[in-house]
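> how would this look folded up:
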Amino acid sequence: YATTIDVVYIPLIYAVVMGIDALAALAFGILYDKRGTLSLVISTIFSVFITPLFFYVGGIVGIIGGLCLWGIAMGAQESVLKAVITSLISKEKRATAYGIFYAVFGGAWFIGSLIVGALYEINTLYVVLFSSSMEILAVLLLIVYGRKKQQLERETLSLPVKVE
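Numbers count the residues shown, from 1 in each chain. Model prediction:
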């Protein structure tokens, strides 16, 4: 089976993946509005399978499958992460919060890319294990965050209201 894609098809594939990104952004945005952090958990679960698909499913199926999952993950990320920041930060400090978030996000992406590059030089299995482990850790942290948030919301609702 083929393991490469002719360079002429790259713009078309990229356009399709960006279409998937757009649809995923819409779907996960709606899901976030209805179910909150669960949308991040679901989108991150999709991300767990990106790297194994790229490296261990043969040929074009692995490449296209991995790219489609990447499009879903990116769409979810682009819509939901902004909504999360908006829900946590007051309007007056939102631009600063976006700046801080994306500075940390970009720094973490850079460090992760350095690690992936070093692991790739050793063995692609290590890339898959590292990437999938980080995604699984993210899912677990999101579940903990979601539960803590629900607990705080329940406690806040049960506080007595003072009427003066």
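> which is the next helix or strand following the helix or strand of the chain with the lowest mean pLDDT?
Sorted by mean pLDDT, DSSP states H and E, the helices and strands of the chain end with helix 50-56, the least confident at a mean of 85. Later in the chain than helix 50-56, the nearest helix or strand by DSSP states H and E is helix 59-88.
> So which other helices or strands are in contact with whichever helix or strand comes after that next one?
From helix 59-88 onward toward the C-terminus, using DSSP H and E, the following helix or strand is helix 94-122. Counting contacts by 3 or more CB pairs under 8 Å, 6 or more residues apart in numbering; DSSP states H and E, the secondary-structure elements packed against helix 94-122 are helix 59-88, helix 124-157. To be clear about C-beta, it is placed using only N, CA and C from the backbone, and glycine gets the same treatment.
> helices or strands up against the last one?
This points to helix 124-157. Taking 3+ CB pairs under 8 Å, 6+ apart as contact, the helices and strands that helix 124-157 lies on are helix 38-48, helix 50-56, helix 94-122.
> now do the shortest one
Other helices and strands packing on helix 59-88, by 3+ CB pairs under 8 Å, 6+ apart, are helix 10-35, helix 38-48, helix 50-56, helix 94-122.
> ranking the ones you listed by burial, who's on top?
Each of the helices and strands packed on helix 59-88 was scored by mean neighbour count; the highest is helix 38-48, a mean of 20, by mean count of other CB atoms under 10 Å.
> just how off-centre is it within its chain?
Counting by CA atoms, centre = their mean, to the nearest Å, helix 38-48 is centred 7 Å from the centre of its parent chain.
> which residues touch Met74?
If a contact means CB atoms under 8 Å, 6 or more residues apart in numbering, then Met74 has 21, 24 as its contacts.
> Ramachandran angles for the closest residue to Gly146 other than its chain neighbours?
Once flanking residues are discounted, Gly146 sits nearest to Thr37: 3.7 Å by CB to CB, 6 or more residues apart in numbering. When read as degrees, to the nearest 10, the backbone of Thr37 gives phi -60, psi -20.
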